[in-house]
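**Q** quick one, what's the 3D model for this:
(2 chains)
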Amino acid sequence: MNTTWSRFNITSVVLGFAFLYLPIVLLIVFSFNESKLVTVWGGFSTKWYVSLFHNQGLMDATWVTARVGLISATVATVLGTLAALALTRYTRFKGRVLFSGMVFAPLVMPEVITGLSLLLLFVAVGLNRGILTVTLAHITLTMCFVAVVVQSRLITFDRSLEEAAMDLGATPVKTFFQITLPVIMPAIVSGWMLAFTLSLDDLVIASFTSGPGATTLPMKIYSQVRLGVTPEINAACTILIAVVAIGVIIASLANKRREVQRQLDEQAAQRG
Amino acid sequence: MSSAAVTTASASPATSTGKSVHARLGAAFSGRLVIIIPYVWLLFFFLIPFVIVFKISLSQTAIAIPPYTPALDISGGFSGFLAQLKQLNLDNYTWLTQDALYFNAYVTSVIIAAISTVLTLLVGYPIAYGMARAPATIRPTLLMLVILPFWTSFLIRVYAWIGILKPEGLLNQLLLATGVIHQPLIILNTYTAIFIGIVYSYLPFMVLPLYSALEKMDYSLIEAAKDLGCPPTSAFWKITFPLSLPGVIAGCLLVFIPAVGEFVIPDLLGGSQTLMIGKTLWNEFFGNRDWPLSSAVAVILLLLLIVPIMLFQRAQARAQEMDR
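**A** Residues are numbered from 1 along each chain as shown, chains lettered A, B, ... in the order given. Reported below is the predicted structural model:
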């Protein structure tokens, strides 16, 4: 049988990844450009990073974004995990079709619709637009992504583990926290990270639902991009990319370590 | 194991660890709450807002804040309700059907989204296929590399293309320097730029479902076809493609539905000359502050997308059944 990776396949993968990564690499490279022209190389410089830190508006927006992201990702993780449990553990309850519809629809719903509808809700209930409304909107959007991530882990979960724990006298609640939760924890962690980056990233929904004093970083970047491309924005984007990349790498390393630890534990258990 | 997520999870009502009766009651209670809490949240923040959008799309613009006169205020009792029902107007919808601008925007958006979806499929399929046929040891790394751009900001990735596609941008510099062209290509602020932007931004959404369908495939089927004298192209169309169809459908829907209502890409790469409904809605809302009309635009957009969204729903449910 032919198991070699054919030249055609290698070429398509390499070209595909070049397409995916080249724009990002160019963006990072030109953030270190001495020249104010983004597309002409004028020598290496980090001055745009320095000027970035003196840009008070950008700093404020970063702080708003960080707060919204942390709070909304955490609440969305709790709600999304509950939704995933509801979908996998309770196969029939009243209105389940509607429920699963409401979990999956936000994944593909155009953001302009979600943003507009949430804004009109906040106006209807008389909530002042600001950090709170952006946070609520982001929770609603990102909890659905968390639910999908956690659900895919729960589907493959071996429920005999839970049954064994309960046979040994553990209460359902204790079983959940001692058995189920640790097993699905990697999915919950990656769900949290996905929620956080989606919140960090969102322009459209934030623009609709935020008010004065609650300008998020994407909104700030967007308003500057409309005025033209500058190396300073490239620098801001590079920092954002670096933060996310470091987060993803740490998380995947932690996951790998946990996996190794688990295998060691299993081997020890088999020997003992 | 105690991370931030655990402490927040314990905030959900599951506190009784004492006597078994309490525990059982607690379990039954928390079992129901597992459903009720996210259900109520989504009802309130996802479903009810659509009802409000629909309601406001039937009302009239006002200069006050909020900039619309309320339609269907139930505080007036049943008779008041009936009186208001007569006042409901479909003006916004009539306006939408009469003004060619909106009609064109809807049609263009659907066409652009459809073409972009096909292009994304054409670009994504070879990548997904190559990944699925890669040695098993490097597959997780390749998968990680496809997902990674997804983690970096959508806005940034679209922004990165401005510097590449500009008339004095990097692509034109390269092509002029190598002598391929003698006049800079005008790509930015055209529909071509929108296609590039959508294909680029949504590529991971296409590759991932395709990959998971192709990876499950049994390649001995291809071997068998080859042994029986079937040429590679017809083996692809008779075996590989049909078997990857669930991935093709899921990927296409994941690209098509959000692309129809896309705002960032047409706005940043398409310029003022291109027309897409997401941008129209945005301008109607932020530029003209016409809330009722933008609500009507949203309602019709939603009606356009309801069938694809339901197809997506069903595809998701079926994929879940197969995993079980």
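**Q** now do the buried residues in stretch A:172-186.
**A** Judged by neighbour count (16 or more other C-beta atoms under 10 Å in any protein chain shown), stretch A:172-186 contains these buried residues: A:172-177, A:179-181, A:184-186. Quick note: C-beta positions are derived from backbone N, CA and C, even for glycine.
**Q** residue of the stretch 51-200 of chain A with the smallest distance to chain B?
**A** Using C-beta to the nearest C-beta, the single residue of the stretch 51-200 of chain A nearest to chain B is A:P110, 2.3 Å away.
**Q** contact partners for the nearest residue to that residue once chain neighbours are set aside?
**A** Distances taken as C-beta to C-beta, 6 or more residues apart in numbering or on different chains place B:G261 nearest to A:P110, at 2.3 Å, with adjacent residues excluded. Residues counted as contacts of B:G261 (C-beta atoms under 8 Å, 6 or more residues apart in numbering or on different chains) are A:109-113, B:109, B:277-278, B:281, B:301, B:305.
**Q** who wins on neighbours among these?
**A** Neighbour counts for the contacts of B:G261 peak at B:I277, which has 29 neighbours (criterion: other C-beta atoms under 10 Å in any protein chain shown).
**Q** per-residue pLDDT, residue 74?
**A** If you meant another chain, say so; for now it's chain A. Looking at A:T74, its pLDDT reads 97.
**Q** look at chain B instead
**A** At B:I74, the model reports a pLDDT of 53.
**Q** check the contacts of B:G261 and tell me the two furthest apart.
**A** A:M109 and B:S109 (14.8 Å; C-beta to C-beta).
**Q** now the helices for the stretch 101-250 of chain B?
**A** Counting by DSSP state H, counting those that start in this stretch, the stretch 101-250 of chain B has helices at residues B:139-151, B:154-165, B:170-177, B:191-216, B:220-227, B:232-235, B:241-243, B:245-260.
**Q** so which bits of the stretch 101-250 of chain B are right by chain A?
**A** Residues of the stretch 101-250 of chain B that fall close to chain A, judged by C-beta under 8 Å from any C-beta of the partner chain: B:123-124, B:126-127, B:129-131, B:133-135, B:142, B:144-146, B:148-149, B:151-157, B:159-164, B:166, B:168-170, B:173, B:200, B:203-204, B:207, B:220, B:223.
**Q** run the last query once more with 7 Å
**A** Within the stretch 101-250 of chain B, the residues that sit near chain A (C-beta under 7 Å from any C-beta of the partner chain) are B:126-127, B:129-131, B:133-135, B:142, B:145, B:148-149, B:151-157, B:159-164, B:166, B:168-170, B:173, B:203, B:223.
**Q** drop anything exposed from those.
**A** When these are checked for burial by 16+ other C-beta under 10 Å, the buried set is B:126-127, B:129-131, B:133-134, B:142, B:145, B:148-149, B:151-157, B:159-164, B:166, B:169-170, B:203.
**Q** which residue packs closest to B:R157, ignoring adjacent ones?
**A** Going by C-beta to C-beta, 6+ apart, B:R157 has B:S201 as its nearest residue, at 5.9 Å.
**Q** the one you found contacts B:F154, doesn't it?
**A** Yes - the criterion here is C-beta atoms under 7 Å, and B:S201 meets it with B:F154 at 6.1 Å.
**Q** burial check on residue 243, number of neighbours?
**A** Answering for chain A, as no chain was given. The number of residues packed near A:V243 is 14, by other C-beta under 10 Å.
**Q** that was the other one, I meant chain B.
**A** 16.
**Q** quick check on the nearest residue to it once chain neighbours are set aside: phi, psi?
**A** In space, and not counting its chain neighbours, B:L243 is closest to B:M217: 5.1 Å by C-beta to C-beta, 6+ apart. Phi and psi for B:M217, reported as degrees, to the nearest 10, are phi -70, psi 150.
**Q** now do B:F263
**A** Main-chain torsions, B:F263, degrees, to the nearest 10: phi -110, psi -50.
**Q** hang on, isn't it packed against A:I113?
**A** No - B:F263 is beyond contact range of A:I113, at 10.5 Å (criterion: C-beta under 7 Å).
**Q** the stretch 51-200 of chain A: strands as residue ranges?
**A** For the stretch 51-200 of chain A, no strands are identified by DSSP state E, counting those that start in this stretch.
**Q** ok, now how distant is B:F286 from A:A236?
**A** 23 Å (C-beta to C-beta, to the nearest Å).
**Q** so which of those two has more stuff around it?
**A** Neighbours were counted for B:F286 and for A:A236 using other C-beta under 10 Å; A:A236 has more, 24 against 11.
**Q** so who does that one touch?
**A** Residues near A:A236 by C-beta atoms under 7 Å, 6 or more residues apart in numbering or on different chains: A:52, A:58, A:221.
**Q** where are the low-confidence patches of the chain?
**A** Since you didn't name a chain, this refers to chain A. Applying pLDDT under 70 to chain A picks out residues A:1-4, A:38-39, A:272.
**Q** wrong chain, I was asking about chain B
**A** Using pLDDT under 70, chain B drops low at B:1-31, B:62-67, B:69-89, B:322-324.
**Q** need phi/psi at A:N33.
**A** Torsion angles, degrees, to the nearest 10, at A:N33: phi -80, psi 130.
**Q** I figured it hits A:G42, correct?
**A** Yes - in terms of C-beta under 7 Å, A:N33 counts as a neighbour of A:G42; the distance is 5.9 Å.
**Q** neighbour count winner among these two?
**A** Shown here are A:N33 and A:G42; by other C-beta under 10 Å, A:N33 has more neighbours (21 against 11).
**Q** next one: that one from A:E232, what distance?
**A** Counting by C-beta to C-beta, the separation of A:N33 from A:E232 is 11 Å.
**Q** now swap in A:K256 and tell me
**A** On the measure of C-beta to C-beta, A:K256 and A:E232 end up 37 Å apart.
**Q** of the two, who's got more company?
**A** Taking other C-beta under 10 Å, A:K256 and A:E232 do not tie; A:E232 has more neighbours (20 against 10).
**Q** apart from its chain neighbours, what residue comes closest to the more buried one?
**A** A:E232 sits nearest to A:W48 (C-beta to C-beta, 6+ apart), 4.9 Å away.
**Q** ok, that neighbour - how many residues close by?
**A** Neighbours of A:W48 under the rule other C-beta under 10 Å: 21.
**Q** where's it relative to chain B, distance?
**A** Using C-beta to the nearest C-beta, to the nearest Å, A:W48 is found at 14 Å from chain B.
**Q** burial of A:L26, as a residue count?
**A** The number of residues packed near A:L26 is 19, by other C-beta under 10 Å.
**Q** show me how far the helix or strand containing it is from its chain's centre.
**A** For A:L26, the element it lies in under DSSP states H and E is helix A:7-30. Offset of helix A:7-30 from its chain centre (C-alpha atoms, centre = their mean, to the nearest Å): 23 Å.
**Q** what do you get for stretch B:138-152?
**A** What separates the centre of stretch B:138-152 from the centre of its chain is 20 Å, taken as C-alpha atoms, centre = their mean.
**Q** list the residues that contact the residue nearest the centre of chain B.
**A** Nearest to the centroid of the C-alpha atoms of chain B, with distances taken as C-alpha atoms, centre = their mean, sits B:P258, at 2.8 Å. Residues near B:P258 by C-beta under 7 Å, 6+ apart: A:108, A:110.
**Q** how about B:G124?
**A** With C-beta under 7 Å, 6+ apart, B:G124 has these contacts: B:203, B:206-207, B:210, B:251.
**Q** distance of the spatially most central residue of chain A from A:V243?
**A** Centroid-nearest residue in chain A: A:L194, 2.0 Å away (criterion: C-alpha atoms, centre = their mean). Separation of A:L194 from A:V243 (C-beta to C-beta): 15 Å.
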